[in-house]
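K.L.:
got a predicted model here, sequence first, then my questions.
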Amino acid sequence: MQISKQNLEVILKDRFGLASFRAGQLEAINVLMEKNRLLCIQPTGHGKSLLYQMPTVLLDGITLVISPLLALMRDQISQLTNRFKIPAASINSDQEEYENNSAKIAAKTGKIKILFVAPEQLDDIDRFDFLLALPISLIVIDEAHCISTWGHDFRPSYRQIIKLVQALENKNPSIKVLGLTATANHKTQADIVQQLSANIPVLVQRSNMDRPNIKLSVIEARGLANKLFYVKQLIEMLPGDGLIYCSTRENTEVVAKYCQKQNIRAVAYHAGIDSSEKIKLQNEFISGKYKVIAATNALGMGIDKSNLRFIIHFDVPGSITAYYQEVGRAGRDGLPADGIILYDSSDKKI
């Protein structure tokens, strides 16, 4: 399917309220629409979501988005439904069963255009068969590096994605497949391409991964008390709102409580918090109730706040690749932002 640049620009302005495409977006959309298979490797905050949102408007049927970032799902659904008038729903473990059932009914009856699903849902044979029966025209693999054993965050559940893609392809040979990631080296890229290229070759679009608006720095901090001291100093000095990554739930609570005692609007955010409370905290942070949120690395990745002005790593990140992805949550609006690591050599033992 080939669509003119002029028509795509009209949709971009009228449906999405954007004046122009970012670098590489138009080319990626054209490749996906014409060639059906694309792996797109772009930096965080580069506008990868548009690469499936616009094709969704153009295609019949449903777009299936498989993503491990549950908090990001909620933000996407809210934006799609309220801002872009694209009905969307999700199936994931953070929702009550009645919510998941409502999403299934909406998908079966054609009331939504985009369905978000957590990869773990594919382990359930009934859910797998349910998805297979839907009129899916585009399947999107978010955080696509997770399907590769060479990826920094390999997840066994992602292996089910390959089975689903192959089953959907047998049902509909013209189905489109889009892989999205901000962190895939060439070895990981080759593995993803090999897995997704069973019948149709996968094209790759790799963008410059530099984020020049983010200033990176490291502060040597010895021990918990010294780190907390620097947290207070940095928050008072840095403008805007920020995210503090912690490697443990305990540290998120310690950091949040310390900040609260310093009259800093802060809250902890980790997997031990009830699902409804997590949604509430995330919405409050995005709306500006809190200046900082202390989050574990996995949950912090799901926070979609484009104007985060700083990221502080209270503990050393798990890897360079993980750090790139985590610090990339800052400055997604293109304005200056800071990424700071509080370094203690003993963190390597965590």
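P.N.:
In hand now; what should we look at? Residues are numbered from 1 along each chain as shown.
K.L.:
end to end, how far does stretch 123-140 reach?
P.N.:
End-to-end distance of stretch 123-140: 18 Å, with C-alpha to C-alpha, to the nearest Å as the criterion.
K.L.:
need the contact partners of that stretch.
P.N.:
32, 52, 55-56, 59-67, 91, 104, 107-108, 110, 115, 117, 121-122, 157, 160, 163-165, 167-168, 171-172, 175-180 (C-beta atoms under 8 Å, 6 or more residues apart in numbering). C-beta here means a position set from N, CA and C on the backbone, and glycine is covered the same way.
K.L.:
if any of the residues you listed are buried, put those into a ChimeraX selection.
P.N.:
Those of the contacts of stretch 123-140 that count as buried under 16 or more other C-beta atoms under 10 Å are selected in ChimeraX with:
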select :32,52,55,56,59,62,63,64,65,66,67,91,104,107,115,117,121,122,157,160,164,165,168,175,176,177,178,179,180
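K.L.:
which ones among the contacts of stretch 123-140 lie within helices?
P.N.:
By the criterion of DSSP state H, membership of the contacts of stretch 123-140 in helices covers 32, 52, 55-56, 104, 107-108, 160, 163-165, 167-168, 171.
K.L.:
farthest-apart pair in the residues you listed, please.
P.N.:
Across the ones in helices among the contacts of stretch 123-140, the longest distance by C-beta to C-beta is 26.5 Å; it joins Leu32 and Lys104.
K.L.:
still on that earlier bit, tabulate the ones in helices among the contacts of stretch 123-140 (CSV), appending pLDDT and distance to Asp126.
P.N.:
Rendered in CSV, the data for the ones in helices among the contacts of stretch 123-140 read as follows (pLDDT from 0 to 100; distance: C-beta to C-beta, whole Å):
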residue, pLDDT, distance to Asp126
Leu32, 95, 30
Tyr52, 97, 26
Pro55, 97, 28
Thr56, 97, 25
Lys104, 95, 10
Ala107, 96, 14
Lys108, 95, 13
Gln160, 87, 13
Lys163, 89, 15
Leu164, 92, 14
Val165, 91, 19
Ala167, 92, 14
Leu168, 93, 17
Lys171, 91, 18
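K.L.:
just the closest of these to Leu342, please.
P.N.:
Distance to Leu342, by C-beta to C-beta, is smallest for Tyr52 among the ones in helices among the contacts of stretch 123-140, at 36.5 Å.
K.L.:
so what's that closest one up against?
P.N.:
Tyr52 makes contact with Thr63, Val65, Ile114, Leu138, Val140, Leu178, Leu180 under the criterion C-beta under 8 Å, 6+ apart.
K.L.:
apart from its neighbours in sequence, what residue is nearest it?
P.N.:
Nearest-residue entry for Tyr52: Val140, 4.6 Å, with adjacent residues in sequence omitted and distances by C-beta to C-beta, 6 or more residues apart in numbering.
K.L.:
mind checking the end-to-end distance for stretch 256-265?
P.N.:
Distance across stretch 256-265, first residue to last, is 9 Å (C-alpha to C-alpha).
K.L.:
what's the average pLDDT for that stretch?
P.N.:
Along stretch 256-265, the predicted local confidence has a mean pLDDT of 96.
K.L.:
just checking, Ile264 touches Lys232?
P.N.:
Yes: if you go by C-beta atoms under 8 Å, Ile264 and Lys232 touch, sitting 7.3 Å apart.
K.L.:
just the strands in the stretch 251-350 of the chain please.
P.N.:
Shown for the stretch 251-350 of the chain, the strands assigned by DSSP state E, counting those that start in this stretch span residues 266-269, 292-296, 310-313, 337-343.
K.L.:
closest to Ala198 out of the ones you listed?
P.N.:
With C-beta to C-beta as the measure, strand 292-296 is the member of the strands of the stretch 251-350 of the chain nearest Ala198 (35.8 Å).
K.L.:
partners of the closest one in the sheet?
P.N.:
Here strand 292-296 has these sheet partners by DSSP bridges: strand 242-246 (parallel), strand 266-269 (parallel).
K.L.:
start to end distance for stretch 109-128?
P.N.:
Counting by C-alpha to C-alpha, the length from the leading to the trailing residue of stretch 109-128 is 18 Å.
K.L.:
can we start the residue count at 37 from this point?
P.N.:
Okay, residue one is now 37; in that scheme the one you just asked about reads as stretch 145-164.
K.L.:
for it, buried residues please.
P.N.:
For stretch 145-164, the neighbour count (16+ other C-beta under 10 Å) marks 148-158, 163-164 as buried.
K.L.:
tell me how this protein divides into domains.
P.N.:
With automatic domain parsing serving as the domain definition, the record reports that the chain contains domains spanning 41-242, 250-385.
K.L.:
what's the strand or helix carrying Gln231 packed up against?
P.N.:
Gln231 is part of helix 222-232, with elements assigned from DSSP states H and E. Using 3 or more C-beta pairs under 8 Å, 6 or more residues apart in numbering; DSSP states H and E as the contact definition, the elements that helix 222-232 packs against are strand 73-77, helix 195-207, strand 212-217, strand 239-242.
K.L.:
lovely, talk soon.
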